[in-house]
Structures are given as structure tokens and as C-alpha cells.
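**Q** Quick one, structure for this:
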Amino acid sequence: MEDNGTYKILFVCLGNICRSPAAEGVMKHIVKQHQQQERFYIDSAGTYGGHAGELPDPRMRRAAARRGYLLEHKAQRFREAMFAQYDLIVAMDDNNYYDLEAMAATIEDEKKLVRMADYCRHYAVTHIPDPYYEGADGFEHVLNLLEDACEGLFESIKQ
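**A** You can find the predicted model right below:
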């Protein structure tokens, strides 16, 4: 599963402009804090391609910047070929999970799928909510959840 010792993680939401690029930014920050950059490749994508090529939502970029995260990812649509390119594919909610599961061609592909909320340690949530139609509090809440879940994810795979 690992290529050249690099563990490859892909975060996936709907449009790849709020949750998944924020998860990517948070996870990159955590990996850097632990001086593990060479061990991980982290990216994000969306199950919907309508925002392809766009930067993350400005509201998410502002909220993330206040916490020290730089979100420069350009949105991309998830493609079936990505199953072969990544070791772990992390869905933000059940809709994303089921969409990805439907694209999985093999049992091995399906085994790479996980839910982001399953890694939350301090919040009892079943999904990471989409803040797109929420106010500033929605983006802050999502970042709180992602910080918690990314720490949990890092702890589960760092060995």
C-alpha cells in the first residue's frame, strides 16, 4: 500500500472547497508539527466537480488562516483512479462515503474508505457538517471537528 515509504491520504467532501481542503490543511499542519512531512502525502478532492480549479471558499480560508492554516489547494473531482493512488480515502459525511463506495471497483478499494468523524475523540458526531450555507460559526465548528479528527487520525496511523 505504501509507495516509497510515503503514506498517501485523500480527504473527500462534496465540492472540495470547504471541508476536505480544510482537513488537508489541518493534517499537513499536524504532520509538520511532528516533523513527519516526508512520511505523508496529503491531498483532497470532491465527489462533485463543479468547483474544479477553484481555491477553497474564502470564508473557510479566512477561518483557517486565523488558526495558522494556509489553504492553497485547487479543487479537483475525485476519480476512480484515485483509489490506486491513495492508501486512505477519508469521507466527510455518509453521502460522500456512499458515493465513493459506489465508485470502488474492488474490495481493496472499499477497505481504503473511512469516515472522518470516526476519528473524533472529543466530539460525539457522525459526520463533518457542510458549512457552506452556514455563517462564520459553521466554519469555526467544522475546524474544531477537523482539528480533533485529524489529531485522532494521525495518532491512529503514525506508527
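**Q** mind checking how far the lengthiest helix in the chain is from the chain centre?
**A** Across the chain, the longest stretch assigned as helix under DSSP state H is helix 136-157. Distance of helix 136-157 from the chain centroid (Cα atoms, centre = their mean, to the nearest Å) equals 10 Å.
**Q** Likewise for stretch 42-60?
**A** Distance, stretch centre to chain centre, for stretch 42-60: 11 Å (Cα atoms, centre = their mean).
**Q** Would you mark the buried spots in that stretch?
**A** 42, 43, 44, 45, 46, 47, 48, 51, 56, 57, 59, 60 (16 or more other Cβ atoms under 10 Å). Backbone N, C-alpha and C define where each C-beta goes, glycine included.
**Q** how long is that stretch end to end?
**A** When the termini of stretch 42-60 are compared using Cα to Cα, to the nearest Å, they are 18 Å apart.
**Q** can you give me the strands in the chain?
**A** Along the chain, counting by DSSP state E, strands occupy 7-13, 40-46, 88-91, 113-115.
**Q** closest one to residue 24 among these?
**A** Nearest to residue 24 among the strands of the chain is strand 40-46; the distance by Cβ to Cβ comes to 4.2 Å.
**Q** what helices or strands is the closest one leaning on?
**A** Helices and strands touching strand 40-46, by 3 or more Cβ pairs under 8 Å, 6 or more residues apart in numbering; DSSP states H and E, are strand 7-13, helix 19-33.
**Q** who's in contact with it?
**A** The contact list for strand 40-46 (Cβ atoms under 8 Å, 6 or more residues apart in numbering) reads 6-17, 20-21, 23-24, 27-28, 31, 73, 75-79, 82, 86.
**Q** which of those are buried?
**A** In the contacts of strand 40-46, burial by neighbour count holds for 7-17, 20-21, 23-24, 27-28, 31, 73, 75-76, 78, 82, 86, counting by 16+ other Cβ under 10 Å.
**Q** which residues touch stretch 150-159?
**A** Residues contacting stretch 150-159 (Cβ under 8 Å, 6+ apart): 7, 9, 23, 26-27, 30-31, 34, 36, 88, 90, 116, 119-121.
**Q** again, only this time at 7 Å
**A** Contacts to stretch 150-159, defined as Cβ atoms under 7 Å, 6 or more residues apart in numbering, come from residues 7, 23, 26, 27, 30, 31, 36, 119, 120, 121.
**Q** how about that stretch: buried residues?
**A** Buried residues in stretch 150-159, counted by 16+ other Cβ under 10 Å: 150, 151, 152, 153, 154.
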